[in-house]
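*Asks:* Coordinates for the following, if possible.
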Amino acid sequence: MKTLDQLADEQLVGLYEQGNNTAFEVLLTRYRSRVYSYIFQIVRDRELTEDIFQDTFIKAIVTIQQGRYFESGKFLGWINRIAHNLIIDHFRKEKNENTISADAFEYDIVNNSKLSDLSIEDIMSNEQVLCDVVRMVDFLPEVQQEVVRMRFFEDLSFKEIAEKTNVSINTALGRMRYALLNMRKMAAEKDVYLEIK
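*Replies:* I've put the predicted structure just below:
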C-alpha cells in the first residue's frame, strides 16, 4: 500500500474530496514553496504574497469541496491559475496601478548577481513591465491567454501545450505569436513600455 506522499496529485484530490484532510496537507506541502515563489515573483511584497497565497489555497479547498475540480492536467498549473487570477484581482483593485513602491524590494539587490549591472531604476522598470504584462494577458482572446499562461506561468513546452489543448504545435506557436503581437499593440496604444533591461 502506497503512503499518501507517494500518491499522484489527482489521487490526493480524490481522497480529499472524500474527507481525507491529510491528503490536502500533502498537496500543500508538495507545492507550497513553488506557489509562494510564483506569487512573490510577480508581486514582490512578502505581506501581499502571504495574503494571496492563503487566499489561493482557501479557494482551492472550496472548489474541491464543492466538487468543482475538473482539472485533467497538473494540479500545480491549476493552483497557479487561481493565484494568477487573485493577483490580477489585486492589481485591478489597486488605486494607483502604475506605481511600484521601492519598499516592495525585500530581496538583496546588492548581492544578486543577476541584477549586478542594473540600476535601481532599471530593476523597478523591469518589475513594472512584468506587472503590465500580467495585466495585459487578461485582455487577450481566450485561446491566446491559455497559451501564454501555460508557457510562462506553468512552464510548459509548446509540445505539452499542443497536447493539452488538442491542437498542433504550429497552432500553439501561432497563438503565442498573435498573443505577443496583440500585447505589443496594446502596449503601443496605452503607451506602455515593455522592454526588460
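*Asks:* which helices and strands sit right next to the helix or strand containing F57?
*Replies:* According to DSSP states H and E, F57 maps onto helix 46-65. The contact analysis (3 or more C-beta pairs under 8 Å, 6 or more residues apart in numbering; DSSP states H and E) places helix 46-65 against helix 9-17, helix 21-43, helix 75-93. Placement of C-beta: from N, CA and C, glycine included.
*Asks:* Can I get those helices in CSV including mean pLDDT?
*Replies:* Converted to CSV, the helices and strands packed on helix 46-65 look like this (pLDDT from 0 to 100):
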stretch, mean pLDDT
helix 9-17, 90
helix 21-43, 90
helix 75-93, 87
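*Asks:* want to throw these into CSV with mean neighbour count?
*Replies:* Converted to CSV, the helices and strands packed on helix 46-65 look like this (neighbours: other C-beta atoms under 10 Å):
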stretch, mean neighbour count
helix 9-17, 17
helix 21-43, 16
helix 75-93, 17
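*Asks:* what's the closest of those helices to E146?
*Replies:* Nearest to E146, of all the helices and strands packed on helix 46-65, is helix 75-93, at 9.9 Å by C-beta to C-beta.
*Asks:* other SSEs contacting that closest one?
*Replies:* Secondary-structure packing of helix 75-93 (3+ C-beta pairs under 8 Å, 6+ apart): helix 9-17, helix 21-43, helix 46-65, helix 120-137.
*Asks:* buried set for the third one?
*Replies:* The neighbour-count check on helix 46-65 (16 or more other C-beta atoms under 10 Å) flags L48, T49, I52, F53, D55, T56, F57, A60, T63, I64 as buried.
*Asks:* Give me the domain ranges for this protein.
*Replies:* The chain breaks down by automatic domain parsing into domains covering 1-94, 99-197.
*Asks:* which stretch in these has the least confidence?
*Replies:* When the domains of the chain are ranked by mean pLDDT, domain 99-197 comes last with a mean of 70.
*Asks:* Would you mind measuring from K74 to K164?
*Replies:* Applying C-beta to C-beta, to the nearest Å, the value for K74 to K164 is 9 Å.
*Asks:* Need the buried residues of helix 46-65 in a markdown table (columns: distance to V26).
*Replies:* Below are the buried residues of helix 46-65 laid out as a markdown table (distance: C-beta to C-beta, whole Å):
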| residue | distance to V26 |
| --- | --- |
| L48 | 27 |
| T49 | 22 |
| I52 | 22 |
| F53 | 17 |
| D55 | 21 |
| T56 | 17 |
| F57 | 13 |
| A60 | 13 |
| T63 | 18 |
| I64 | 13 |
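*Asks:* Much appreciated, bye for now.
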